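Trainee: Give me a 3D structure for the following:
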Amino acid sequence: MVFIKSPDNKTLSLDLNPYNTSLEALTLQIQQNYRIPISHQRLYLSPRLLSVPQNAAVLLSQLGVSPNSTLTLHVPLLGGMQAPVQPKGRLEFLNTKPPANYVAGLGRGATGFTTRSDIGPARAAPDLPDRSAAAVGAPGAAGVGRGRGKGPGEEEEEEENEEKGYDENQKFDEFEGNDVGLFASAEYDDEDKEADSVWEAIDKRMDSRRKDRREARLKQEIEKYRASNPKITEQFADLKRKLHTLSSQEWESIPEIGDYSLRNKKKRFESFVPVPDTLLEKARQEKEHVTALDPKSRAAGGTETPWAQTPVTDLTAVGEGRGTVLSLKLDRLSDSVSGLTVVDPKGYLTDLKSMKITSDAEISDIKKARLLLKSVIQTNPKHPPGWIAAARLEEVAGKIQAARQLIARGCEECPKNEDVWLEACRLSSEDEAKAVIARGVKAIPNSVKLWMQASKLEHDDVNKSRVLRKGLEHIPDSVRLWKAVVELANEEDARLLLQRAVECCPLYVELWLALARLETYENAKKVLNKAREKLSKEPAIWITAAKLEEANGNTAMVGKIIERGIRALQREGLEIDREVWMKEAEAAERAGSVATCQAIIHNTVGVGVEEEDRKRTWVADAEECKKRGSIETARAIYAHALTVFLTKKSIWLKAAQLEKSHGTRESLDVLLRKAVTYIPHAEVLWLMGAKEKWLAGDVPAARAILQEAYAAIPNSEEIWLAAFKLEFENHEPERARMLLAKARERGGTERVWMKSAIVERELGNTEEERRLLDEGLKRFPSFFKLWLMLGQLEERLGKLEQAKETYELGLKNCPNCIPLWLSLAHLEEKVNGLSKARAVLTMSRKKNPQNPELWLAAIRAESRHGYKKEADILMAKALQECPTSGILWAASIEMVPRPQQKTKSRDAYKRCDQDPHVIVAVAKLFWHERKVDKARTWFNRAVTLAPDIGDFWAWYYKFELQNGTIETQKDVLERCVVAEPKHGEKWQAISKAVENSHQPTEAILKKVVVALGKEENSAENSKN
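Mentor: From the prediction side, this is the model:
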């Protein structure tokens, strides 16, 4: 095999052996296969020319050609078509060698560079053809031109190419690349193929590693493009939502858009030709109503219609005729009332039910099944399922009579099988069914199913009871029959029947328990004692006995019975399962037997629990019972735990919370009194007791509890502050002053000084307030709330410069206090404008990086002054620095245009799906889109996640005021009062105002709702 590389850069193959083929034979083969004359062939092997006359008879192997070698075929351009043209002489200086360091065009500012043609190739020269005139065999003409050979200049270029070893104008080989010259004579073997496959695998691997980054970058670019170039549907989404405000008249008055395309504007040529009289006459004849038969029709008896008389041209008349026929059919089906029909709906449904699909395939399948089942019942007539299947097949085929006959034969063949009798009863008519079931119970008198079916066929309770009693004569130990007959009897008969039932079925506990419930107290105890003798391992008997004693007022015996029962069951070898007994306790609670529930918990809650796990396990059990609504069970668990852990404050608090939410004030007071007896140093228990008394309106009792607490814990600041709050909230400022003065004398903390200043602020004593704040700051310079109160005092008095100095001094002592920075920025914006506020906020962000509140304050300041672009830039920077801040994402959702809010909310939810600020922002978005149920769900989720933030409750209540009912509004209000929120931007601003200091939570909530409404209206007006 020899490969030839043609002038058009294609590789040709010839099936020749170089060891027995001469060069002349090779050229002849090329001429035959590819129509290239021998005189025009120039074959090269590397840089050596083979096509010379003396090599014609030489074998190819002697010229260096081996199998799979590649020869280069060159076809020179000889001859010409134009007259020779005298060539232009070359300038003399072009033939001289340039001086050293010469750079062409340097005088006009050009820069020198070096190309590969200047330094030659980096690899060996390829086998290129010799394109000189001498190689062609005859000198060409002196002129140059297409088809006339080469001129002198071209010959010099050919010589220069031969000196370089390659041709610069050679076409690039896509397979070999730049190595075509170096490996032109090499063979492409399996190793080369394997190497290429390895490199290709490496390239694919590297490309796959970059694939994820490339796709992520492409996705980001697409999202950015869509955000900057929204669709038309997104741009007009807000306008579409406003369409619901249009009335039906306004909607009808919208003009139709019509079709104003250019193709409809072209005027088409229309011609109007007068209608001939013959056509009009023919149409008139077709419209006529003929009342007499044609003579030809009479001759045919009136049944033949002449062809010439049939109207075939008036299609309008044909359509009218079809409409008339249809209306006649509809009128026939309808009565005088419009819209009603005379079709019987019951008969119609009956007809539908009786319709059977009788396709050829179904009929064929039924025939095959019939033959198969026939062979089954013939070969094995004692096989009951065969008879039942054959009968049901006939029933499906609609042959009910054949089905009855088959099942009757089945009853004869299999009289002892109850399924066959039940199937025969089902297929029989109502009158025949009783006779069939009578034969069945006669054949199988011990079949419970047949006796139950026989009782179902009776219509009155007396006959049903008679049938069941007849069955009990044959099967006295059937619990199912006893239960059925007891259900049909009255109370007295049921008691007698149960007495007989427990004699016949002594091992069935339900019958014993049912009898005990129907007996008197004394007889019930006897029944349960007998049941305990018969069923010594049944715990339900002991539990029922305890319920019996509790129902009759013997609560003292309940615990003894349960304790004795557990010991007896353990003696019998029965394992006490703690979980099962706790479920029994919950069932007793649901039945109203609270003492039994408590006794079960007391005796079983500690079974199988390690000593070190008791506290954790019991608290978890109580919480689970509380979730399931078993409050008494949870209370019993806590009561038992408190007998073991008398000094554990956490268990007392859990029990107190349970009583607070599900008990009475009296039970809570008793529990707390008991708790402080065992743990007198627990401040929270004293404070809880005092607060409950205060909420109940018993202020003297609350004072007494706090006095007892102070006696038990004399240096407790919490008790001092609680006593102050009690007096302050009940409008006793003098008592509050005295308490705080004593607390300050005893070395109170910064909170005492703050509360003292609050009292003076409410009473309007400015100087005393200033004195207390100054003294407090001397003692506690790092307590930022005192600096804030002093600055606010200066602002209220109009001393803005002193307020500024106070804030700055406070920031020196508390550089990380965000409220101080925000107050200073707000003051600077009010006094000196936006530029100073910007400087303050920038400085605060440098000292407190990654703080979303400072970023949000800067963004809102820009927005208030109308600089929306600057606000957007700040928001982008803020989200880069604080990517998981919920308040920033919520603000960004409100800042973007309405069509983009849904996309922005989706991004925010991906970043922080559990942040209540984002959840409220999404809820407001659903609210504006009129998706009320979704908005309510999201608002509820927000207040569940953050019940302490009052702004969320205000938004939720405002939503319910507009879209909810009175019940939902009341529910939100009550939940807010229970939660007692303390935080929130709007909530704190209103609740901490002097005029709202003693307002309840309900009043503050309504004021916050009003403030939110005003803010929303102002925002809408600014946008418009």
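
Trainee: Can you classify residue 4 as helix, strand or coil?
Mentor: Put simply, residue 4 is strand when judged by DSSP: H, G, I helix; E, B strand; the rest coil.

Trainee: Please give me every residue in contact with it.
Mentor: By C-beta atoms under 8 Å, 6 or more residues apart in numbering, the contact set of residue 4 is 11-14, 30, 43, 70-73. For every residue, glycine as well, the C-beta is placed using N, CA and C.

Trainee: how about 10 Å then?
Mentor: By C-beta atoms under 10 Å, 6 or more residues apart in numbering, the contact list for residue 4 reads 10-14, 26, 29-30, 33-34, 36, 41, 43, 69-73.

Trainee: same thing with residue 582?
Mentor: Residue 582 sits next to 597, 600-601, 604-605, 607, 621, 624-625, 630, 633, 636-637 when contact means C-beta under 10 Å, 6+ apart.

Trainee: nearest to residue 221, of those residues?
Mentor: Ranked by distance to residue 221 (C-beta to C-beta), the contacts of residue 582 are led by residue 624 at 52.5 Å.

Trainee: Wait, a strand at that closest one?
Mentor: No: in this structure, residue 624 is helix, not part of a strand, as judged by three-state DSSP.

Trainee: hang on, it packs against residue 634?
Mentor: Yes: counting by C-beta atoms under 10 Å, residue 624 does reach residue 634; the two are 8.4 Å apart.

Trainee: Looking at those two, which has the bigger crowd around it?
Mentor: residue 634 (26 against 14; other C-beta atoms under 10 Å).

Trainee: tell me the mean pLDDT for stretch 604-616?
Mentor: Averaged over stretch 604-616, pLDDT sits at 85.

Trainee: Give me the nearest residue to residue 406, chain neighbours excluded.
Mentor: residue 391 (4.6 Å; C-beta to C-beta, 6 or more residues apart in numbering).

Trainee: Ignore what I typed, I meant residue 29.
Mentor: The shortest distance from residue 29 to any non-neighbouring residue, by C-beta to C-beta, 6+ apart, is to residue 14 (5.7 Å).

Trainee: residues in contact with that neighbour?
Mentor: 1-4, 21, 26, 29-30, 33-34, 71.

Trainee: Would you indicate which residues of stretch 402-417 are buried?
Mentor: Residues 402-404, 406-411, 413-414, 417 are the ones in stretch 402-417 that count as buried (16 or more other C-beta atoms under 10 Å).

Trainee: Let me see the ranges of the strands in the stretch 1-150 of the chain.
Mentor: Assigned by DSSP state E, counting those that start in this stretch, the stretch 1-150 of the chain shows strands spanning 2-5, 11-14, 42-45, 48-49, 70-74.

Trainee: Measure how far the shortest one is from the centre of its chain, please.
Mentor: Right, the one you point to is strand 48-49. Relative to its parent chain, strand 48-49 has a centroid offset of 76 Å by C-alpha atoms, centre = their mean, to the nearest Å.

Trainee: returning to that earlier point: columns mean pLDDT on top of the strands of the stretch 1-150 of the chain, output as CSV?
Mentor: Formatted as CSV, the strands of the stretch 1-150 of the chain follow (pLDDT from 0 to 100):
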stretch, mean pLDDT
strand 2-5, 80
strand 11-14, 78
strand 42-45, 78
strand 48-49, 71
strand 70-74, 79
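
Trainee: closest to residue 699 out of those?
Mentor: The closest of the strands of the stretch 1-150 of the chain to residue 699 is strand 11-14. By C-beta to C-beta, the value is 109.0 Å.

Trainee: just to revisit the earlier point, tell me the contacts of the residue nearest to residue 406?
Mentor: Taking C-beta under 10 Å, 6+ apart, we find residue 391 in contact with 373, 399-400, 402-410, 420, 423-424, 426-427.

Trainee: again, but for residue 418
Mentor: 384, 440-441, 443-444, 446-450, 453.

Trainee: Using neighbour counts, trim the contacts of residue 14 to the buried set.
Mentor: Neighbour-count burial (16+ other C-beta under 10 Å) is assigned, among the contacts of residue 14, to 2-4, 21, 26, 29-30, 71.

Trainee: picking up where we left off before, closest to residue 642 among the contacts of residue 14?
Mentor: residue 3 (100.3 Å).

Trainee: Quickly note the distance from the closest residue to residue 414 other than its chain neighbours to residue 419.
Mentor: Nearest residue to residue 414, sequence neighbours excluded (C-beta to C-beta, 6+ apart): residue 384, at 4.6 Å. Per C-beta to C-beta, to the nearest Å, residue 384 is found 6 Å from residue 419.

Trainee: same question, residue 815
Mentor: Taking C-beta to C-beta, one finds residue 815 at 90 Å from residue 419.

Trainee: Neighbour count: those two, which is higher?
Mentor: Neighbour count, other C-beta under 10 Å: between residue 815 and residue 419, residue 419 has more, with 15 against 12.

Trainee: Next, report how far the helix or strand hosting that one is displaced from the centre of its chain.
Mentor: Here residue 419, judged by DSSP states H and E, is contained in helix 418-427. Relative to its parent chain, helix 418-427 has a centroid offset of 52 Å by C-alpha atoms, centre = their mean.

Trainee: Buried residues in it, which are they?
Mentor: Neighbour-count burial for helix 418-427, counted by 16+ other C-beta under 10 Å, picks out 418, 420-425, 427.

Trainee: Check what contacts the helix or strand just after it and list those residues.
Mentor: Later in the chain than helix 418-427, the nearest helix or strand by DSSP H and E is helix 430-443. Residues from elsewhere that reach helix 430-443 (C-beta under 10 Å, 6+ apart): 404, 407-408, 411, 414-418, 420-429, 447, 449-451, 453-458, 467, 470-471, 474.
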